[in-house]
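> Sequence first, predicted model second:
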Amino acid sequence: MSPRTLTLIIVLSIAAVGSWYLARSKQPQDGETVPYDPVHQGYYLKSARILGTGEDGRLLYEIEAENAVQEEKSRIEFTGVRIRYSPGTNVPWIVHADEATLREGSPRIALRGHVRAVGTSGADGQDTEIRTQYLEFDPERYVVETDERVQIRVGARSLTATGMLASLNDSKVVLKSNVRGKIAP
């Protein structure tokens, strides 16, 4: 073996031992905690489509979102959300929101930011539109509810209130308080 090859082997060996030592010294010792989880255990989806089924296993509704991120093991955050019932349910409502949260074990979907629910078979054939900043939606019971300010429009008619409970499958709405309206013929 030539002196040049021997020198190269010794230098590489020293570099390997030095890098091992530096990597070992950066590892947390027993009792130390890592300030963050270096590996995200969830998932991230673009153009997500989540299907919800009823008790009979048939398609009940679908959630479409620009993005879906599993923030925790039991929580999914959506942005650019649209929720609609399957055609077989005869529930003509589509719900839009900037953001939504779906939690494991909870049937409710929390919708935030420019929430808009549009029913396409309103009175006199006009669409019914519900607007608010926060809405809790239980798609299995066909119920939407909020304690926030809400505006309901049917054509030129408009109502505002604080708080609302609505049943989407039979288009019944209960306004909770501070109801004001403009009803023009």
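Great, that's in hand.
> May I ask you to confirm that Asn67 is in contact with Leu45?
Yes. At 6.9 Å, Asn67 counts as touching Leu45 under the criterion of Cβ atoms under 8 Å. Backbone N, C-alpha and C define where each C-beta goes, glycine included.
> Determine how far the longest strand seen in the chain lies from the middle of the whole chain.
Assignment by DSSP state E gives strand 59-72 as the longest strand of the chain. Between the centre of strand 59-72 and the centre of its host chain there is 6 Å, according to Cα atoms, centre = their mean, to the nearest Å.
> Can you list the buried residues in the helix or strand following it?
Going down the chain from strand 59-72, the next helix or strand is strand 75-85, by DSSP states H and E. Residues of strand 75-85 classed as buried by neighbour count (16 or more other Cβ atoms under 10 Å): 76-78, 80-85.
> Report the mean confidence score over strand 75-85.
For strand 75-85, the mean per-residue pLDDT is 93.
> ok and the helix or strand just after it relative to strand 75-85, angle-wise?
Using DSSP H and E, the helix or strand that follows strand 75-85 in sequence is strand 93-103. Computed by axes from the mean of the first three to the mean of the last three Cα atoms, to 10 degrees, the angle separating strand 93-103 from strand 75-85 equals 160 degrees.
> chain center to strand 93-103: distance?
That offset, for strand 93-103, works out to 6 Å (Cα atoms, centre = their mean).
> helices and strands around that strand, which ones?
When contacts are defined as 3 or more Cβ pairs under 8 Å, 6 or more residues apart in numbering; DSSP states H and E, strand 93-103 sits against strand 59-72, strand 75-85, strand 109-119, strand 128-138.
> Wait, a strand at Arg24?
No. Counting by DSSP: H, G, I helix; E, B strand; the rest coil, Arg24 is not part of a strand but helix.
> For Leu12, see how far away it is.
Going from Arg24 to Leu12 by Cβ to Cβ, to the nearest Å gives 19 Å.
> same thing with Gly80?
Using Cβ to Cβ, Gly80 is found at 53 Å from Leu12.
> in the longest strand of the chain, what's buried?
In strand 59-72, counting by 16+ other Cβ under 10 Å, buried: 60-61, 63-65, 68-70.
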